[in-house]
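> this one's structure only:
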């Protein structure tokens, strides 16, 4: 069962831009080899009413190297993969307008060579009433690639609580069924007893009192 916190993070990264709904959350940092992985990068504008234009660049630095490799560039609506190690394996999953606040990319078929430091750079130009202002926002994601997904403690606890809740609900249902059965059975017995008494009383009332007197 997927951890609820992880679900919220993924949903926040995939949601499209809308006014007043931008929330900056950190990217996940553990990918499973052979699967896909979403590299998150969110930079919210402080003033939604100000129009802007942005471009996004992603860089990657493998362990043991000092220089970053320029691997991806997005300038709406064009996306360009710039390094052969990621050829045909990167997809744009961010804002699909020129005013970019979500700069996420998706890695297809993750390999162990994808382990390392990713840097997201959002170059934003704000069109203010009197002038233009350039803002650079950089965020880094230290990605670890594993063979099998590690289960977080919160996920394990959530799953245990789910099974405990199921067992408790089943026991409660059994108790309720037994109680209802006994109640219905008791009511049925009481109705049968009342019917028997009414029948007996009716029989006595229908008898002729003279039948009890023997003529001499």
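Thanks, I have it. Predicted model, so just to flag it, every value in this text is computed and none were measured.
> Sheet-wise, list the partners of the lengthiest strand in the chain with their directions.
The longest strand of the chain (DSSP state E) is strand 132-146. If you go by DSSP bridges, strand 132-146 pairs up with strand 30-32 (parallel), strand 116-127 (antiparallel).
> Go through those and name the closest to residue 164.
Closest of those to residue 164 is strand 30-32, at 27.3 Å (criterion: Cβ to Cβ). C-beta: built from backbone N, CA, C; applies to glycine.
> what's downstream of the closest one, the next helix or strand?
Per DSSP states H and E, strand 30-32 leads on to strand 37-39 as the next helix or strand towards the C-terminus.
> tell me which strands and helices that next one is in contact with?
With contacts taken as 3 or more Cβ pairs under 8 Å, 6 or more residues apart in numbering; DSSP states H and E, strand 37-39 sits against helix 4-14, strand 105-107, strand 132-146.
> Backbone torsions only: list them for the residue nearest to residue 73 when sequence neighbours are not counted.
Excluding the flanking residues, the one nearest residue 73 by Cβ to Cβ, 6 or more residues apart in numbering is residue 80, at 4.8 Å. With angles defined as degrees, to the nearest 10, residue 80 sits at phi -140, psi 120.
> average pLDDT across the longest helix seen in the chain?
Among the elements of the chain assigned as helix by DSSP state H, the one spanning the most residues is helix 153-206. Averaged over helix 153-206, pLDDT sits at 79.
> Tell me how far it lies from the chain's centre.
Per Cα atoms, centre = their mean, to the nearest Å, the displacement of helix 153-206 from the mean C-alpha position of its chain is 38 Å.
> So residue 69 is in contact with residue 57, correct?
No - contact status for residue 69 versus residue 57: not in contact, 11.3 Å apart, counting by Cβ atoms under 8 Å.
> And the pLDDT for residue 66?
pLDDT recorded at residue 66 is 93.
> go on, the one 4 residues further on?
Listed pLDDT for residue 70 reads 98.
> what's it sitting at in phi/psi?
phi -80, psi 110.
> what's the distance between the closest residue to it other than its chain neighbours and residue 135?
Distances taken as Cβ to Cβ, 6+ apart place residue 82 nearest to residue 70, at 5.1 Å, with adjacent residues excluded. Counting by Cβ to Cβ, to the nearest Å, the gap from residue 82 to residue 135 is 23 Å.
> same thing with residue 26?
On the measure of Cβ to Cβ, residue 26 and residue 135 end up 20 Å apart.
> got it, and residue 173?
Residue 173 is 58 Å from residue 135, by Cβ to Cβ.
> can you check residue 200 too?
Distance, residue 200 to residue 135, by Cβ to Cβ: 96 Å.
> Who has more neighbours out of these two?
Ranked by neighbour count (other Cβ atoms under 10 Å), residue 200 and residue 135 place residue 135 first, with 14 against 10.
> All set, thanks.
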